[in-house]
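**Q** Here is my input; please provide its structure:
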Amino acid sequence: MVDLAVRHRFTVDEFHRMGEAGILAEDDRVELIDGEIVEMTPIGSRHSTCVRRLDRWLQKLVGDGAVVSAQQPLTLANDGEPLPDVALLRPRVDEYADSHPTGADALLVIEVADSSVLFDRNAKSRLYAAGGVPEYWLIDLTRNSVVVFRDAENGRYTDERDYRQGESWISPALGGRMVMVDEVIATR
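**A** Here you go, the predicted structure:
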């Protein structure tokens, strides 16, 4: 079946103007993905626990060497501004007061997913790769696993690996540190 619907695509500037005009409220859970306003799924308790743990863990790990940004905008293109669960950013003197961080500012982006696994694995990984994010982790709470994406090329990550509990990987974004799945995932 062919989708014949005509869609209006929005730019990041138009998206921001909708917020300024009150069309989108500050507490609306939406993000701009490929020019489309996408409603985010509600956050469950396991998801929010995992995000809080990641935030605390990364704050301790990186100290002043990077900025840990939880559920804040990341401008990736003229038509993309997702709200990643956690982003590890290069420090900036203005602390990002003058503009939202971009893909060039990101060292690592992390999405925590339960009901949005396919969207985060497909649409978000393409968006982050095209936006220049060098390392992307998808924490899949449905499988208690972490999918690590690296080496972006032509809008896609060429290295995609799935790690389960008890397994580990080396993270270039964390200075070559070994990361255990059990460190980053909130298990029951």
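**Q** Which residue comes closest to the most centrally placed residue in the chain once chain neighbours are left out?
**A** When CA atoms, centre = their mean is applied to the chain, the residue found nearest the centroid is residue 84 (3.0 Å). Counting by CB to CB, 6 or more residues apart in numbering, the nearest residue to residue 84 once its immediate chain neighbours are dropped is residue 109, at 4.6 Å. Just so you know, the C-beta spots here come from the backbone N, C-alpha and C atoms, and that holds for glycine as well.
**Q** Next, the one you found: secondary structure please.
**A** When classified by DSSP: H, G, I helix; E, B strand; the rest coil, residue 109 comes out as strand.
**Q** Verify the stated contact: it with residue 76.
**A** No: Residue 109 sits out of contact with residue 76 when judged by CB atoms under 8 Å, with a separation of 9.6 Å.
**Q** Give me the common contacts of those two.
**A** Between them, residue 109 and residue 76 share these contacting residues under CB atoms under 8 Å, 6 or more residues apart in numbering: 128, 133.
**Q** which residues are contacting the lengthiest helix in the chain?
**A** As far as residue count goes, and with DSSP state H defining each element, the longest helix of the chain is helix 45-62. Outside helix 45-62, the residues within contact range by CB under 8 Å, 6+ apart are 43, 66, 68, 70-71, 85-86, 88, 110, 112-114, 139, 141, 174, 177, 183-186, 188.
**Q** for the residue nearest to residue 84, what are its contacts?
**A** Under the criterion of CB under 8 Å, 6+ apart, the contact list for residue 109 reads 74, 84, 86, 87, 88, 128, 133, 135, 136, 137.
**Q** if I look at it, how far off is residue 89?
**A** Here residue 109 is placed at a distance of 10 Å from residue 89 (CB to CB, to the nearest Å).
**Q** before we move on, what about residue 96?
**A** According to CB to CB, residue 96 and residue 89 sit 7 Å apart.
**Q** higher neighbour count, these two?
**A** Neighbours per residue, other CB atoms under 10 Å: of residue 96 and residue 89, the larger number sits with residue 89, 21 against 18.
**Q** I'd assumed residue 70 was in contact with the more buried one.
**A** No: using CB under 8 Å as the test, residue 89 is too far from residue 70 to be in contact (11.2 Å).
**Q** and residue 125, helix, strand or coil?
**A** Secondary structure of residue 125, reduced to three states by three-state DSSP: helix.
**Q** Which residue, other than its chain neighbours, is closest to residue 68?
**A** For residue 68, the nearest residue in space outside its immediate sequence neighbours is residue 58; the separation is 4.6 Å by CB to CB, 6+ apart.
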